[in-house]
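Colleague: need coordinates for the below:
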Amino acid sequence: MFDTESIENAIRKRGVFVSTTVGLSMFPMLRDRRDVIVVKPVKRRLKKYEVPLYRRNDGSYVLHRVIKLEKDGYVIIGDNCINKEYGITDKHVLGVLSGFYRNSKYIDCEKNKLYKIYYHIWCDILPVRVFLIRCVNKLKRIISGFYNKQVSQ
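Modeller: As a prediction, this is how the structure comes out:
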């Protein structure tokens, strides 16, 4: 969707990268192709609950949440994901989400109190969330298998 230079140059030269999001990994906070993110450079160690834009070793760009600080990096997970990602270090981080537009309203990640309540609750229930997502996925497979069996008969 973006070339490497446009994202990294925007952050480095303009001090900001603004774009719509693609994907469901940060749902319900960010909606696929509907919400607009504002990413700014960061020259310090990330804090727990911040949402960095980082580049994986394979070159893909990801916007996920820090859930744990480690000595040499971070443990990161998308709000709608069940697998934690390890091995992300400061060298991978391009910037941090400073805010986003939901419809026409700007949500400031530093100042918005409802956003802070959201991420605390959402991250604190991670084990429950993972269990529920797995249950929903299993139920979808069961229903799909039942439906496919009915159609083929």
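Colleague: low-confidence bits of this structure, can you list those?
Modeller: 1-5, 148-153 (pLDDT under 70).
Colleague: any idea which strand is longest in it?
Modeller: Longest strand of the chain, by residue count under DSSP state E: strand 93-102.
Colleague: so what strands line up beside it?
Modeller: strand 36-40 (antiparallel), strand 52-55 (antiparallel), strand 105-108 (antiparallel) (DSSP bridges).
Colleague: what ranges do the helices span in the protein?
Modeller: Secondary structure of the chain (DSSP state H): helices at 4-9, 113-124, 126-152.
Colleague: closest to Tyr74 out of those?
Modeller: helix 113-124 (13.3 Å; C-beta to C-beta). Heads up, the C-betas are built off the backbone N, CA and C, glycines and all.
Colleague: relative to strand 93-102, how tilted is the closest one?
Modeller: Orientation of helix 113-124 against strand 93-102 (axes from the mean of the first three to the mean of the last three C-alpha atoms, to 10 degrees) gives an angle of 120 degrees.
Colleague: and Asn57, how many neighbours?
Modeller: 8 (other C-beta atoms under 10 Å).
Colleague: so how far is Gly87 from it?
Modeller: 8 Å (C-beta to C-beta, to the nearest Å).
Colleague: from Lys140, how far out is the most centrally placed residue in the chain?
Modeller: For the chain, the residue sitting closest to the mean C-alpha position, by C-alpha atoms, centre = their mean, is His64 at 2.9 Å. Distance, His64 to Lys140, using C-beta to C-beta: 23 Å.
Colleague: go on, Tyr74?
Modeller: 31 Å.
Colleague: neighbour count: these two, which is higher?
Modeller: Tyr74 (26 against 10).
Colleague: correct me, but the more buried one touches Lys68?
Modeller: Yes. The pair Tyr74 and Lys68 qualifies as a contact (C-beta atoms under 8 Å) at a distance of 6.9 Å.
Colleague: who's in contact with Cys123?
Modeller: Neighbouring residues of Cys123 by C-beta atoms under 8 Å, 6 or more residues apart in numbering: 49, 65, 67.
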